[in-house]
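A.B. asks: quick check, what structure comes out for this input:
(chains A and B)
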Amino acid sequence: MSELSVDIRLSYREFELGVSHSFAGQGITALFGPSGCGKSSLLRVIAGFEGRAIGRIALGTEAWQEGRQFVPPHLRGVGFVFQDARLFQHLSAKGNLDYAHRRAAKEPAHYSFGDVVDALDLGPLFNRSAAQLSGGERQRVAIGRTLLARPRLLLMDEPLAALDTRRKAEILPYIAQLPKIFCLPVIYVTHALEEVTQICDRIVALDAGRVVAAGGVAETLERLDMAGVQGRFEAGVILSGRVAGQDAILRMSRVDLGHGTMFEVPEIGLDEGAAVRLRVRARDVSLALARLEGLSIRNQLPASVVAITPEPDTAYAEVLLDLGNQHLRSRITRAAVQDLGLTAGQNVVALIKSVAFDRQALPRPQGARSE
Amino acid sequence: MGDLDLGPLWLTIRLAALTTAILLVIGTPIAWWLANTRSRLKSVAEAVTALPLVLPPTVLGFYLLVFLSPNSALGGAWLAATGTTLTFSFSGLVIASSLYSLPFMVQPLQGAFEAIGRAPMEAAASLRASPLDAFFSVATPLAARGYLTAIVLTFAHTIGEFGVVLMVGGNSPDRTKVVSIQIYEHVETINYAAAHGLAAILLAFSFTVLLAVYTFNRRFPLHVG
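C.D. replies: Numbers count the residues shown, from 1 in each chain, chains lettered A, B, ... in the order given. So this is what the prediction gives:
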């Protein structure tokens, strides 16, 4: 599928959005950043809702905006899922779906009305009016409605921001599978790191109207940390693994990180075998020279020191660790580095507090609010 | 009650219905533009649209008389095309009423469109609906209550019009003699019985229509705004 190339500027009174980037033609790309960084505006520019933006936007070879040329939103074939769902209040849930279905692109489709209804479990909601749907149900109908118009690109503007944690956890799996089932690239705006780590394939990070980093999820977050883009999210790494088992009584899940490394985390409510990504903050990782007994900390992982970077003008140093196939970071005092005599290549044990994996404890942007 | 002449009543209803229909067509785009524009001309346009609310009907009627007269460009063209004058004719009355009742159509519609906002229109555009399609399939049904209010107010206000009609239309039977004029004439000639008959009909009609509107609005709440 063709990629979306964007090279645009949009000026507000106290803020300028200037983005030049090519978005991948598949999978889910997170447009990530703090409130007010311009990520929602960029999404609206791509959709064609901001007539004042100048520059060039093209999907593959088809220019949507270039010089004076401006393709209006309804001819772009862009699906848009809004934060507030925006279901048509005068129609039932089914009416909303039909509305999109009647206007769908004519080109041969690889999915039907029924496929969308099944993928999002919309059948039971058909006869309800928009006002009778819960927030999560409304978003599901909105997603289904958008898919039925057969877009070529799906834009999602913080679709979960208005939902509580449980509803979010209900809908995320639906969103994660969209690109595969419907062969549709997704650009997903969010300021919630846990959404990025759970469903996205790539990150484009925005700050103050500019792209500050872009690439794969894990390495981009690492790069953001190193660039010192702090405060919005704290330094750390993303670990990928698969759910290996559950303890229903103690409510713990085991995650296999590969190379025989097992993690214990508080119950994450996913089936065995499901892929998970976990964020571990550097300050939640302590180091020991050998395994310790009599500790409340559950996770003691053998690792080897890759590099030690002292933080200038502070008491701290960051230690980069190798777990075999994944990296881990630890933030300890320089005094501790000295006392333990840590050097590159040394084998150590990384101690990680289990609570660091609780989804709700994952770091969020400061004062994060919907835009 | 005496001899009740229903001619003026029928004429009035025809005038009000035609005026309402014309204003639906003219007022909708004006209201839509006012609700959505960021132009600096918006205030000017709003002031012009609201003028008939504050001008004495005699002032409006006087200007209309001037602009519709056979000596004016419009009146002259009409005379050349149809062989009749616009002043003191039913056609002239329709034009006058349309101007006079314009704010009663535009303002409720503008309010309804503003309450709907851009959001549903953007949603429609993202579902491949053209602006015109989205207007009829989304904005119009969402503005249903605004339309009902606008139609009823325009119709009722046109029926109640007096000063402008008197200035522009005069009182030729079956052409420009509407109910309000007829009642005035009955009172002038001290024919109170006939005045009572027509007045009672107008009163009952107005009350019934308003009651129906309020009942309808309550029973079918539309989620607008």
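A.B. asks: residue ranges with poor pLDDT in chain B?
C.D. replies: For chain B, applying pLDDT under 70 flags the ranges B:1-4, B:217-225.
A.B. asks: near chain A, which residues of it?
C.D. replies: Taking C-beta under 8 Å from any C-beta of the partner chain as the criterion, chain B approaches chain A at residues B:119-120, B:122-131, B:133-134, B:137-138, B:141-142, B:144, B:222-224. Quick note: C-beta positions are derived from backbone N, CA and C, even for glycine.
A.B. asks: which of the residues you listed fall in helices?
C.D. replies: Of those, the ones assigned to helices by DSSP state H are B:119-120, B:122-126, B:131, B:133-134, B:141-142, B:144.
A.B. asks: coming back round to it: for PyMOL, what selects the buried ones among the residues of chain B next to chain A?
C.D. replies: Buried residues within the residues of chain B next to chain A, by 16 or more other C-beta atoms under 10 Å in any protein chain shown, are selected in PyMOL with:
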select buried, chain B and resi 120+122+123+124+125+126+127+128+129+130+134+137+138+142+222+224
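A.B. asks: so where's the stretch 1-150 of chain A shaky on pLDDT?
C.D. replies: Along the stretch 1-150 of chain A, segments meeting pLDDT under 70 span A:1, A:108.
A.B. asks: could you list the residues of it in contact with chain B?
C.D. replies: Contact residues (C-beta under 8 Å from any C-beta) of the stretch 1-150 of chain A with chain B: A:47-49, A:72-75, A:77-80, A:82, A:84, A:86, A:88-90, A:99-100, A:103-105, A:130-131, A:145-146, A:149.
A.B. asks: need the max-distance pair from the ones in helices among the residues of chain B next to chain A.
C.D. replies: Across these, the longest distance by C-beta to C-beta is 23.0 Å; it joins B:126 and B:144.
A.B. asks: mind naming the longest helix for the chain?
C.D. replies: Picked chain A for this. The longest helix of chain A (DSSP H) is helix A:135-148.
A.B. asks: my bad, chain B
C.D. replies: Scanning chain B for the longest helix, with DSSP H as the assignment, gives helix B:7-36.
A.B. asks: tilt between that helix and helix B:119-126?
C.D. replies: Put simply, helix B:7-36 runs at 70 degrees to helix B:119-126, going by axes from the mean of the first three to the mean of the last three C-alpha atoms, to 10 degrees.
A.B. asks: packing partners for helix B:7-36?
C.D. replies: Judged by 3 or more C-beta pairs under 8 Å, 6 or more residues apart in numbering or on different chains; DSSP states H and E, the packing partners of helix B:7-36 are helix B:42-54, helix B:90-100, helix B:102-116, helix B:144-159, helix B:179-188, helix B:192-219.
A.B. asks: next, the buried residues of that helix.
C.D. replies: Going by neighbour count (16+ other C-beta under 10 Å), the buried part of helix B:7-36 is B:8-9, B:11-13, B:15-16, B:18-20, B:22-23, B:27-28, B:30-35.
A.B. asks: and that helix with helix B:102-116, angle?
C.D. replies: Note on geometry: by the same axes, to 10 degrees, helix B:7-36 and helix B:102-116 are set 40 degrees apart in direction.
A.B. asks: partners of the helix or strand encompassing residue A:280, with directions?
C.D. replies: Using DSSP states H and E, residue A:280 falls within strand A:275-281. According to DSSP bridges, strand A:275-281 forms sheet pairs with strand A:236-247 (antiparallel).
A.B. asks: which residues sit against whatever helix or strand comes next after the strand it pairs with?
C.D. replies: For strand A:236-247, the succeeding helix or strand toward the C-terminus, using DSSP H and E, is strand A:252-256. Residues outside strand A:252-256 that contact it (C-beta atoms under 8 Å, 6 or more residues apart in numbering or on different chains) are A:239, A:241-247, A:262-268, A:270, A:276, A:278, A:354.
A.B. asks: in a helix, that's where residue B:165 is, yeah?
C.D. replies: Yes - Residue B:165: assigned to a helix according to DSSP: H, G, I helix; E, B strand; the rest coil.
A.B. asks: in contact with it, which residues?
C.D. replies: Applying C-beta under 8 Å, 6+ apart to residue B:165 gives the contacts B:61, B:93, B:96-97, B:176, B:178, B:180-181.
A.B. asks: gap between it and chain A?
C.D. replies: Computed as C-beta to the nearest C-beta, to the nearest Å, the residue B:165 to chain A distance reads 38 Å.
A.B. asks: from residue B:180, how far out is that residue?
C.D. replies: 7 Å (C-beta to C-beta, to the nearest Å).
A.B. asks: got it, and residue B:22?
C.D. replies: Look at residue B:22 and residue B:180: by C-beta to C-beta, they are 20 Å apart.
A.B. asks: that's all I had, so thanks and see you.
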